[in-house]
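Enquirer: this one's sequence-less:
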C-alpha cells in the first residue's frame, strides 16, 4: 500500500509539473501577451479554444501549425501572427496543454 501511495503522489506531481511547464513555455514564448487561460485578450482564452476543439481529432496538428505560421478568420478579424520562435515540438507541447484545459 505504501508503494501505491508513493506512485499515486509521484504521478500527480508529474501531471502538475507538466501543466506548469507548459504554462511556463507559453510565458517564455510570449503567447500570454495575446492570450489568457480564462478570458479573451487580443485572442481567445485558452479554455475557449479547448472547448471549441474538443473531440476534433485534427486539432493538435491544426493548432500547432497555426501557432507557428499564424492564421485568421476563426476567432474574428484580428489575425494571429506567425511565431517563428516556436519550434514544432514546442507548438505540440503548447497545444496539448491548451487542449487539456477545462
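Expert: Nice, I can see it. Source: prediction; values computed, not measured.

Enquirer: Return the list of helices and strands in contact with the helix or strand harbouring residue 89.
Expert: Assigned by DSSP states H and E, residue 89 belongs to helix 88-100. Judged by 3 or more C-beta pairs under 8 Å, 6 or more residues apart in numbering; DSSP states H and E, helix 88-100 is in contact with helix 2-28, helix 46-53, helix 59-69. C-beta: built from backbone N, CA, C; applies to glycine.

Enquirer: Those helices: lowest mean pLDDT?
Expert: Lowest mean pLDDT of those: helix 2-28, a mean of 60.

Enquirer: Residue 73 falls within a strand, correct?
Expert: No: counting by DSSP: H, G, I helix; E, B strand; the rest coil, residue 73 is not part of a strand but coil.

Enquirer: So for it, what pLDDT did the model give?
Expert: Residue-level pLDDT assigned to residue 73 equals 91.

Enquirer: Next, work out how far apart it and residue 80 are.
Expert: Look at residue 73 and residue 80: by C-beta to C-beta, to the nearest Å, they are 10 Å apart.

Enquirer: just residue 56 next, same as before
Expert: Taking C-beta to C-beta, one finds residue 56 at 18 Å from residue 80.
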